[in-house]
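Asker: Have a look at this prediction, sequence included:
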Amino acid sequence: MSGSIHATAIVSPGAELAADVEIGAYSIIGPDVSIGPGTRVGPHCVIDGHTRIGANNLFYRFCSIGGMPQDKKYRGEPTRLEIGDGNTVREYVTINTGTAQDVGVTRLGDDNWIMAYVHIAHDCQIGSHTIMANSVQLAGHIHIGDWAILGGLSAVHQFVHIGAHSMIGGTSSIRQDIPPYIIGAGDPFRPVGINSEGLLRRGYDAETVSALKEAYKLLYRRNLKTDEAAAAMRALQEERPAAGEALDVLAAFIERPGRGIVR
């Protein structure tokens, strides 16, 4: 199926659009934008900056994609935004390019569901299959792992890392790193357990979920320091080899330097 560009849209001659891309009324596509096959851009969207968008994405009306970072240190460097395949981006979402102070690129992976009014700031690195509910606000330099879910109106401090398969309740305020598999909520965010139901739905077996619950107790119920909890998780890996990979992901996360984990 061939694409269509509405008569009122403005597409720069320098933009690279696959043959079947659709651009809605009054949308503007900048000269350094590349858009892959099957992608649809709704009316009144602006996509500019050095932005590369993959296949089969859907941008609803009034999105602002690839705008310059909201960083007073930015001096017009040709930083980038990279968006993968199959993402749904709802109304009034804003996603900015990166900065020279970081890797210079903001990234959004594949099959993410980004709801209305979400802001993804400069240098964020978002994985795949995430869900961000309405009005989630991400400051700069945030990393979010695959399958993470962020509830509506949640706000995340700059440089925070949020691990894969975690689930954050609505209106949460996140100021420190959230390990993988954790579920919780609050201002400030407080963990309450392992995201067991989400893990089972994604194919994790009961033995692995049970081992992760034991690891959670080591981190949050045994009054251990973070390094002590990590060492205990490594020992648990030896005892529960079938869950070794999942436990390794959790232990490695808390062993890495960062803003400190939520406790």
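Answerer: Noted; the coordinates are in hand.

Asker: tell me the domain boundaries of the protein?
Answerer: As given by automatic domain parsing, the domain ranges for the chain are 4-141, 198-255.

Asker: Now tabulate those domains in TSV and tack on mean pLDDT and mean neighbour count.
Answerer: In short, each C-beta sits where N, CA and C put it, glycine included. Output for those, formatted as TSV (pLDDT from 0 to 100; neighbours: other C-beta atoms under 10 Å):
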stretch	mean pLDDT	mean neighbour count
domain 4-141	98	19
domain 198-255	97	16
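
Asker: and those domains as TSV, adding distance to residue 172?
Answerer: Shown next, in TSV, are those (distance: least, C-beta to C-beta, whole Å):
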stretch	distance to residue 172
domain 4-141	10
domain 198-255	16
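
Asker: Ok, which of these comes nearest residue 165?
Answerer: With C-beta to C-beta as the criterion, residue 165 lies closest to domain 198-255 of those, at 6.1 Å.

Asker: end to end, how far does the closest one reach?
Answerer: Using C-alpha to C-alpha, to the nearest Å, the gap from the first to the last residue of domain 198-255 comes to 24 Å.

Asker: So which of the domains of the chain is nearest residue 158?
Answerer: The minimum distance between residue 158 and the domains of the chain falls on domain 4-141, with 3.8 Å, by C-beta to C-beta.

Asker: what about the domains of the chain, which gets the closest to residue 148?
Answerer: Comparison of the domains of the chain against residue 148 by C-beta to C-beta identifies domain 4-141 as nearest, at 5.0 Å.

Asker: mind checking how far the closest one is from the chain centre?
Answerer: Remark: domain 4-141 is offset 13 Å from the chain centroid, using C-alpha atoms, centre = their mean, to the nearest Å.

Asker: Equivalent analysis for stretch 174-181, please.
Answerer: With C-alpha atoms, centre = their mean, you get 13 Å for stretch 174-181.

Asker: before we move on, what about stretch 144-152?
Answerer: In terms of C-alpha atoms, centre = their mean, the centre of stretch 144-152 is found 6 Å from the chain centre.

Asker: Average the pLDDT values over it and round to the nearest integer.
Answerer: Averaged across stretch 144-152, pLDDT comes to 98.

Asker: Which phi and psi values does residue 46 adopt?
Answerer: phi -120, psi 120 (degrees, to the nearest 10).

Asker: Surely it is in contact with residue 27?
Answerer: Yes: between residue 46 and residue 27 there is a contact at 7.1 Å, judged by C-beta atoms under 8 Å.

Asker: Tell me how far the residue nearest the centre of the chain lies from residue 113.
Answerer: Geometric centre of the chain, nearest residue: residue 126, 3.0 Å, by C-alpha atoms, centre = their mean. Relative to residue 113, residue 126 is positioned 11 Å away (C-beta to C-beta, to the nearest Å).

Asker: same check, this time on residue 40
Answerer: Residue 40 is 15 Å from residue 113, by C-beta to C-beta.

Asker: One more: residue 123?
Answerer: In this view, residue 123 and residue 113 are 22 Å apart by C-beta to C-beta.

Asker: just residue 245 next, same as before
Answerer: Separation of residue 245 from residue 113 (C-beta to C-beta): 26 Å.
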